[in-house]
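K.L.:
can't give you the sequence, but here's the structure:
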Ligand code: NAP
Ligand code: HSE
């Protein structure tokens, strides 16, 4: 019989426990498919006394994940603790230096340190796999690095944060408050240890940076992403959008242009009848466009125990079978630096603002838009009892540069009572 592949699991939370369950329940299936047994030999977490709902008997326990990473009885270090710095980074570096392959679900770590870690792995003849880090249960890393490897990728886009999509959907469909929808997402195991990563669009931005690196052969450039979270989206915006036939989604788009790498992760209005508009709950969708394949749409569970553990174990199976790839699909030293470029594609925008209710206020806003070359498509002012008037404007297509200029000019007036909310209306 071939020697077993021995796993050390660092982190026994939502994902780690899911991995333990799959290894225990699918031992025979894994052995049949991999041609060798897959075993867990050692684990690490912070609190040894915590009941995790799975048996850990027979596994060595390490209080320190770095000790686990260099443990002589493991072949693969499975990092499912999280965090871009601290123990996750130290233990991953230690594992590579000790000659272990790494499987991780940690997009924060790779979006920020992926280039350096990929170079370290290659220098040491090791691999880092991270299918679970992007869109959890959807095998999108495999799709890009393997099935679509012969394409010049022109655009990657999608909804990649289950928590945000869950919250937006539940607010829209069930009329829940933000807090109620968040509590439900948390209960389903979707939410990051630091929820601001989800709500602020940072988690989804990390994922987009990783997809862009593979798609365009560029070094991951998280800092180059135009990023905005869902925290400024109100139930009012959701209702207004619905009234016009749109849904609000936290949408990521990456494309390489002559100006550089365009990457944005922002709340956008998308047609309610489009596949992205119909995406509900924790489901993710990634759309990949390539010169030969045209368009591929991948849809599936983007968070939670089972889907994420499924992706981790897919990577483990590759390693057990002896299938090895560079981290981002090509040697790390051949990835090009990616200068960031703001999006050049014009689009209509939805603007919501509160104006001082006095003569000439609306005229001042219309003049600012006109001065920036922005034409108004629709405009509404709602009846109100408070001194400030709620105003909604939908523009014709304009550039993000023109809009930025107009928003800055609005801030300088005395008629705008609070910063306008501006959401792109995306053609998808
Ligand atoms: P989690 O439920 O918060 O679990 C984190 C685990 O890491 C806990 O078991 C914790 O130990 C352990 N840990 C944290 N710091 C540690 C340290 N210094 N030393 C040893 N153990 C430590 O997190 P999760 O949801 O499983 O997520 C894990 C990773 O997967 C993250 O990178 C996350 O972004 C990624 N991910 C999660 C999902 C998802 O749906 N949850 C989906 C895709 C990717 P204790 O239990 O003892 O506190
Ligand atoms: N917090 C993440 C989400 C987990 O909600 O999508 C999956 O990466």
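P.N.:
Perfect, I can see it now. Treat the numbers as computed from the prediction; the structure is a model and nothing was measured. Ligands and ions are numbered 1, 2, ... in the order given.

K.L.:
and the residue of the chain that's closest to ligand 1?
P.N.:
For the chain, the residue closest to ligand 1 is residue 13, as judged by CB to the nearest ligand atom, at 1.8 Å. All C-beta atoms are positioned from the backbone trio N, CA, C, and that covers glycine.

K.L.:
for stretch 166-173, list every residue counted as buried.
P.N.:
166-172 (16 or more other CB atoms under 10 Å).

K.L.:
sorry, wrong one. I was asking about stretch 27-40.
P.N.:
Buried residues in stretch 27-40 (16+ other CB under 10 Å): 30-31, 34, 36-40.

K.L.:
closest to residue 256 out of those?
P.N.:
residue 34 (36.3 Å; CB to CB).

K.L.:
ok, the closest one - contacts?
P.N.:
5, 317, 320-321 (CB atoms under 8 Å, 6 or more residues apart in numbering).

K.L.:
repeat that with 7 Å
P.N.:
317, 320-321 (CB atoms under 7 Å, 6 or more residues apart in numbering).

K.L.:
so which of those wins on neighbours?
P.N.:
The residue in these with the most neighbours, by other CB atoms under 10 Å, is residue 320 (23 neighbours).

K.L.:
not counting sequence-adjacent ones, nearest residue to that residue?
P.N.:
residue 34 (3.7 Å; CB to CB, 6 or more residues apart in numbering).

K.L.:
do the same with residue 48
P.N.:
residue 61 (6.0 Å).

K.L.:
what parts of the chain come near ligand 1?
P.N.:
With CB under 6 Å from any ligand atom as the criterion, the chain meets ligand 1 at residues 11-16, 44-47, 50, 65, 80-82, 87, 105-106, 132-133, 136, 189-190, 192-193, 303-304, 308.

K.L.:
filter those residues down to the ones in strands?
P.N.:
residue 44 (DSSP state E).

K.L.:
out of the residues of the chain next to ligand 1, which end up buried?
P.N.:
Taking 16+ other CB under 10 Å as the criterion, what is buried in the residues of the chain next to ligand 1 is 11-16, 44-45, 65, 80-82, 87, 105-106, 132-133, 136, 189-190, 192, 303-304, 308.

K.L.:
domain assignment for this protein?
P.N.:
5-133, 140-301, 349-425 (automatic domain parsing).

K.L.:
what average pLDDT does the last one get?
P.N.:
The predicted model gives domain 349-425 an average pLDDT of 93.

K.L.:
and it, how far out from the chain middle?
P.N.:
The chain centre lies 30 Å from the centre of domain 349-425; the measure is CA atoms, centre = their mean, to the nearest Å.

K.L.:
what's the local residue count around the residue nearest to residue 295 when sequence neighbours are not counted?
P.N.:
Nearest non-adjacent residue to residue 295, counting by CB to CB, 6+ apart: residue 289, 5.1 Å away. Residues lying near residue 289 (other CB under 10 Å) number 19.

K.L.:
any idea how far residue 289 is from residue 326?
P.N.:
Distance of residue 289 to residue 326, given as CB to CB, to the nearest Å: 23 Å.

K.L.:
now the strands for the stretch 151-300 of the chain?
P.N.:
Assigned by DSSP state E, counting those that start in this stretch, the stretch 151-300 of the chain shows strands spanning 153-159, 226-227, 246-257, 260-271, 283-290, 294-301.

K.L.:
tell me the strands beside the first one, with direction?
P.N.:
Put plainly, it is strand 153-159. Here strand 153-159 is paired, per DSSP bridges, with strand 246-257 (antiparallel), strand 283-290 (antiparallel).

K.L.:
just put those strands in TSV and tack on distance to residue 273.
P.N.:
Formatted as TSV, these follow (distance: least, CB to CB, whole Å):
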stretch	distance to residue 273
strand 246-257	9
strand 283-290	14
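
K.L.:
so for ligand 2, which of those strands sits nearest?
P.N.:
strand 283-290 (7.0 Å).

K.L.:
that closest one versus strand 294-301: what angle between them?
P.N.:
Per axes from the mean of the first three to the mean of the last three CA atoms, to 10 degrees, the angle that strand 283-290 makes with strand 294-301 is 160 degrees.

K.L.:
contacts for strand 283-290, please.
P.N.:
Taking CB under 7 Å, 6+ apart as the rule, strand 283-290 contacts 135, 138, 140, 143-144, 148, 151-160, 162, 165, 275-276, 279, 295-302.

K.L.:
can you name the residue of the stretch 301-428 of the chain nearest to ligand 2?
P.N.:
residue 303 (3.7 Å).

K.L.:
spit out the contact partners of that residue.
P.N.:
The neighbourhood of residue 303, defined by CB under 7 Å, 6+ apart, consists of 136, 162-163, 190, 282.

K.L.:
wait, isn't residue 342 in contact with residue 400?
P.N.:
Yes: in this structure, residue 342 is within contact of residue 400 by CB atoms under 7 Å, at 5.4 Å.

K.L.:
the more surrounded of the two?
P.N.:
Ranked by neighbour count (other CB under 10 Å), residue 342 and residue 400 place residue 400 first, with 20 against 15.

K.L.:
can you give me phi and psi for the more buried one?
P.N.:
phi -70, psi -30 (degrees, to the nearest 10).

K.L.:
swap in residue 81?
P.N.:
phi -100, psi -50.

K.L.:
and the closest residue to it other than its chain neighbours, what does it touch?
P.N.:
In this structure, residue 81 finds its nearest non-sequential neighbour in residue 11, 3.8 Å apart by CB to CB, 6+ apart. By CB under 7 Å, 6+ apart, the contact set of residue 11 is 45, 79-82.

K.L.:
state the distance from residue 11 to residue 418.
P.N.:
41 Å.

K.L.:
where exactly do the helices run in the stretch 301-428 of the chain?
P.N.:
305-321, 361-371, 400-411 (DSSP state H, counting those that start in this stretch).

K.L.:
want to throw the contacts of residue 34 into a markdown table with pLDDT?
P.N.:
Shown next, in a markdown table, are the contacts of residue 34 (pLDDT from 0 to 100):
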| residue | pLDDT |
| --- | --- |
| 317 | 98 |
| 320 | 98 |
| 321 | 98 |
